[in-house]
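Asks: sequence-free structure coming up:
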């Protein structure tokens with residue numbers, strides 16, 4: 001009996017040695033994920049990442065809703081935030097230390113790297129259905145919600161106006177503190193158009209219930225698109241009426257920009273690798289968490305339009321999946337060299 005027990009013990013030890021393990025020091029016990037406030041789509045993306053990563057890896061995950069990147073970017077440097085969810089503009093400006101992030105980062109930018117592109121945000125300005133406003137050029141001389149305290153949101157609003165050739169100086173601005181308030185002033189009759197807003201926002205449903213909602217279409221002509229891109233990055237995306245798209249009256253274009261999942265630069269390579277791996281392998285679970293995340297498919301993880309460098313740990317994974325091309329390697333080098 002003793003011989004049998006000894007054999008069993010030795011066999012168990014040898015079996016344990018044969019199972020590949022990830023060194024504990026390579027995986028943080030907890031990943032803290034910075035997002036916008038609860039109720040925002042950025043928080044939804046962060047919660048989905050936390051759910052899948054927490055379920056599929058030994059790392060526990062905690063979502064940290066804050067006012068936005070300006071609140072959690074400094075915590076990247078102190079390793080109090082490990083991952084973050086934000087738009088492509090905030091990612092680039094935060095990385096380079098430009099615009100609103102210049103003073104916040106001491107002009108040096110923040111040490112962040114890209115994990116994956118998730119889904120996009122399709123945006124527009126909303127008006128009441130009976131407003132007689134059908135395109136952005138109709139807003140010249142009208143009241144438009146804006147002067148938002150978040151620079152990227154204000155730039156989005158101005159960029160959408162420029163799609164119709166309307167400058168900010170050619171409208172009457174109605175100051176608001178958030179995108180939700182930007183729609184609320186339309187409901188209350190204090191503004192003719194909202195500030196930037198994303199399809200699927202609950203406040204648009206409220207506008208639709210009370211006045212009917214129309215999200216203005218983007219003019220996809222090259223000249224009009226170049227005016228938008230000069231102010232805020234993104235691309236025109238064709239959308240059709242349907243669930244979650246209240247205000248879209250017919251097939252039309254909206255402006256879309258990418259939502260990034262980023263990490264602190266000094267996150268261990270293996271941790272970054274595991275995050276990318278489980279998101280890639282379990283992307284269908286993301287769609288089960290929120291209907292709009294059904295569009296988060298593996299073909300979106302890597303893009304040659306990325307605005308910040310990828311983390312070395314995820315590059316290893318993307319090479320294994322054969323989606324890391326020579327073109328991506330050149331882009332990675334170019335983006336890395338842009339750092340001041």
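Replies: Done, it's in. Only a predicted model underlies this, so the values are computations on that prediction, with no experimental measurement involved. Numbers count the residues shown, from 1 in each chain.
Asks: Quick check: residue 86 vs residue 161, distance?
Replies: Counting by Cβ to Cβ, to the nearest Å, the gap from residue 86 to residue 161 is 23 Å. Placement of C-beta: from N, CA and C, glycine included.
Asks: and residue 265, how many residues sit next to it?
Replies: 16 (other Cβ atoms under 10 Å).
Asks: That one and residue 115: what is the separation?
Replies: 12 Å.
Asks: what stretches of the stretch 51-200 of the chain score poorly on pLDDT?
Replies: In the predicted model of the stretch 51-200 of the chain, no residue satisfies pLDDT under 70.
Asks: which residues in it form strands?
Replies: 60-65, 83-87, 112-128, 143-146, 172-175, 196-198 (DSSP state E, counting those that start in this stretch).
Asks: Relative to residue 333, which of the ones you listed is closest?
Replies: strand 112-128 (13.8 Å; Cβ to Cβ).
Asks: What angle do strand 83-87 and the closest one make with each other?
Replies: Per axes from the mean of the first three to the mean of the last three Cα atoms, to 10 degrees, the angle that strand 112-128 makes with strand 83-87 is 40 degrees.
Asks: Using the three-state scheme, assign the residue lying closest to residue 118 once chain neighbours are set aside.
Replies: Counting by Cβ to Cβ, 6 or more residues apart in numbering, residue 118 lies nearest to residue 259, which is 4.8 Å off, once chain neighbours are set aside. Of the three states, residue 259 takes strand under DSSP: H, G, I helix; E, B strand; the rest coil.
Asks: hang on, the earlier thing: export the strands of the stretch 51-200 of the chain to JSON lines and tack on distance to residue 231 and mean neighbour count?
Replies: Formatted as JSON lines, the strands of the stretch 51-200 of the chain follow (distance: least, Cβ to Cβ, whole Å; neighbours: other Cβ atoms under 10 Å):
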{"stretch": "strand 60-65", "distance to residue 231": "28", "mean neighbour count": "17"}
{"stretch": "strand 83-87", "distance to residue 231": "14", "mean neighbour count": "27"}
{"stretch": "strand 112-128", "distance to residue 231": "13", "mean neighbour count": "25"}
{"stretch": "strand 143-146", "distance to residue 231": "13", "mean neighbour count": "25"}
{"stretch": "strand 172-175", "distance to residue 231": "16", "mean neighbour count": "15"}
{"stretch": "strand 196-198", "distance to residue 231": "11", "mean neighbour count": "25"}
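Asks: Output those as a markdown table; include the columns distance to residue 184.
Replies: Shown next, in a markdown table, are those (distance: least, Cβ to Cβ, whole Å):
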| stretch | distance to residue 184 |
| --- | --- |
| strand 60-65 | 21 |
| strand 83-87 | 22 |
| strand 112-128 | 11 |
| strand 143-146 | 9 |
| strand 172-175 | 11 |
| strand 196-198 | 11 |
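Asks: so which of those gets nearest residue 218?
Replies: Among these, the nearest to residue 218 by Cβ to Cβ is strand 112-128 (7.1 Å).
Asks: gap between the closest one and the chain center?
Replies: Chain-centre distance of strand 112-128: 5 Å, with Cα atoms, centre = their mean, to the nearest Å.
Asks: Ok, stretch 162-180 next?
Replies: Using Cα atoms, centre = their mean, the offset of stretch 162-180 from its chain centre is 23 Å.
Asks: Contacts for it next, please.
Replies: Stretch 162-180 has contacts (Cβ atoms under 8 Å, 6 or more residues apart in numbering) with 135-149, 153, 158, 161, 182, 184-185, 190-191, 194-198, 201, 203, 218-219, 224-225, 227-228, 230-231, 255.
Asks: try 7 Å this time
Replies: Residues outside stretch 162-180 that contact it (Cβ atoms under 7 Å, 6 or more residues apart in numbering): 135-137, 139-149, 153, 158, 161, 182, 185, 190-191, 195-197, 203, 218-219, 224, 227-228, 231.
Asks: Now it: buried residues?
Replies: 162, 163, 164, 166, 171, 173, 174, 176, 178, 179, 180 (16 or more other Cβ atoms under 10 Å).
Asks: How about stretch 149-161?
Replies: 150, 152, 153, 154, 155, 156, 157, 158, 159, 160, 161.
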